[in-house]
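J.: Next come a sequence and a model predicted from it.
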Amino acid sequence: MTKKGRVFSGARPTGRQHLGNYLGAIKNYVALQDNYDCVYCIVDLHALTTVETTADLKQNTYEMALDWLAAGIRPEETTLFVQSHVPQVTELHTILSMVTPLGKLTDLPTFKEKVRQNEGNINYGLVGYPVLMTADIVLYRSDVVPVGIDQAPHIEFAREIVRSFNYRFQTKALLEPQMKNTEIPKVLGIDGKEKMGKSLNNHIELAATPDETRLRVMQMVTDPQRMKRTDPGNPDICNVFSMHKIFTPAEDVEMINRECRVAGIGCVDCKKRFAENLNKSLDPFRTRRAEIGKNPEDVWDILHEGAKRARVIAEKTMQDVRAAVQLP
Ligand code: SF4
């Protein structure tokens, strides 16, 4: 089948993935493969800007790649690799940094936010983060980048850098990336308040065992106004119900919606049902993960093979860039 173009996306190596990662990104990555030539990158260099220790970097990269593969990334057609395995990205980053005004970088709300979060380590890498991100996108000649509405300014900024470069060197060597607006659902953690994430320990890992998953589900906060079993509940403000809508068959969702409002079903039973459905949905993933994970070297081979393919595209771009800049 003819594909519509090339998609690029990158994510920091955060180790074992959770439901929030799956619903917010991985599920979409898998679907995009049907229509696009996909380039997916585990951005370990980006991670260096904020990590306290690099001791887990390799293991986190491996676990993340394993989860992506088990979830349905097809390495025979998709280029899956690690950012630092393609050194051209750092070369392009350096060159693009020469056409990026410092004031613009330090004015970005994302930079200010990072400064707030990393008070003790405001490093040069943090300032250049959007330039490295731009280098990632344009190095692989991506046509589109799937982003949620809140990430749109990053892509707009990348487009500005590309325009500056092409204008400064009177070239068309770099393509302006286009945004593919993607609805990225905000998945709440088991606390029912904050976005699901490891740092808040409110997550449910995809690779957790069925028992571990059940335990996490039973800790989920429900309708905060429902105090006792006999109180009617409100599914519209209940995070368990939002998850049911994704993992539970439609007729059961309807029943829960109806029965919850008249106290016909209790939260304990409701969560047990959700745990059962979630485990059923995750079973094929777990089986594939166990199968692929039998030989970790296979995962590294896939990443190295992906990097080899990525380097070919990257080198072609860099030849055009070096020629445009007239590097001797
Ligand atoms: Fe939420 Fe289910 Fe409890 Fe209703 S019965 S409040 S949907 S957990």
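T.: Received, thanks.
J.: going forward, measure contacts between C-alpha atoms and count neighbours the same way
T.: Will do.
J.: what's the pLDDT at residue 70?
T.: On the pLDDT scale, residue 70 is placed at 98.
J.: go on, the one 4 residues further on?
T.: Residue 74 is assigned 98 on the pLDDT scale.
J.: roughly how far apart are it and the ligand?
T.: 36 Å (Cα to the nearest ligand atom, to the nearest Å).
J.: Look at that residue and give its secondary structure.
T.: coil (DSSP: H, G, I helix; E, B strand; the rest coil).
J.: Residue numbers of the protein in contact with the ligand?
T.: Residues of the chain lying close to the ligand (Cα under 6 Å from any ligand atom) are 222-223, 233-235, 238, 240-241, 260, 265-267, 270-271.
J.: Which ones among those lie within strands?
T.: When these are checked against strands using DSSP state E, none is located there.
J.: of these, closest to residue 90?
T.: When these are ranked by distance to residue 90 (Cα to Cα), residue 240 comes first, at 43.6 Å.
J.: was I right about that closest one contacting residue 222?
T.: Yes - applying Cα atoms under 8 Å, one finds residue 240 in contact with residue 222, separated by 6.1 Å.
J.: Skipping its backbone neighbours, what lies nearest residue 224 in space?
T.: Taking Cα to Cα, 6 or more residues apart in numbering, and ignoring the residues beside it in sequence, residue 224 has residue 238 as its nearest neighbour in space, at 7.8 Å.
J.: Against residue 171, how distant is residue 206?
T.: According to Cα to Cα, to the nearest Å, residue 206 and residue 171 sit 46 Å apart.
J.: neighbour count winner among the two?
T.: A side-by-side neighbour count of residue 206 and residue 171, using other Cα atoms under 10 Å, places residue 206 first with 24 against 15.
J.: tell me the domain boundaries of this protein?
T.: Domain assignment for the chain by automatic domain parsing gives 6-187+295-325, 198-290.
J.: Burial check on the residue of the stretch 201-328 of the chain found nearest the ligand, number of neighbours?
T.: Closest to the ligand within the stretch 201-328 of the chain is residue 267: 3.5 Å, counting by Cα to the nearest ligand atom. Neighbour count for residue 267, taken as other Cα under 10 Å: 20.
J.: for the one residue in the stretch 51-200 of the chain that gets nearest to the ligand, what are its contacts?
T.: As assessed by Cα to the nearest ligand atom, the ligand sits closest to residue 192 within the stretch 51-200 of the chain, at 10.6 Å. For residue 192, the contact set (Cα atoms under 8 Å, 6 or more residues apart in numbering) comprises 220-222, 238-239.
J.: I'd like the secondary structure assignment at it, please.
T.: coil.
J.: Any figure for the gap between it and residue 237?
T.: Residue 192 is 9 Å from residue 237, where distance means Cα to Cα.
J.: Identify the contacts common to these two.
T.: Residues touching both residue 192 and residue 237 (Cα under 8 Å, 6+ apart): residue 222.
J.: what are the ranges of the helices in the stretch 51-200 of the chain?
T.: Secondary structure of the stretch 51-200 of the chain (DSSP state H, counting those that start in this stretch): helices at 57-71, 88-97, 102-107, 109-117, 124-139, 152-168.
J.: Mean neighbour count for those helices - can I get that in CSV?
T.: Output for the helices of the stretch 51-200 of the chain, formatted as CSV (neighbours: other Cα atoms under 10 Å):
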stretch, mean neighbour count
helix 57-71, 21
helix 88-97, 19
helix 102-107, 13
helix 109-117, 14
helix 124-139, 22
helix 152-168, 19
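J.: Return the member of those having the minimum mean pLDDT.
T.: Looking at the helices of the stretch 51-200 of the chain, the bottom one is helix 109-117 with a mean of 86.
J.: buried residues in the strand or helix carrying residue 306?
T.: With elements taken from DSSP states H and E, the one containing residue 306 is helix 296-325. Neighbour counts over helix 296-325 (16 or more other Cα atoms under 10 Å) mark 299-300, 302-311, 314-315, 317-318, 321, 324-325 as buried.
J.: per-residue pLDDT, the residue of the stretch 51-200 of the chain closest to the ligand?
T.: For residue 192, the predicted pLDDT is 95.
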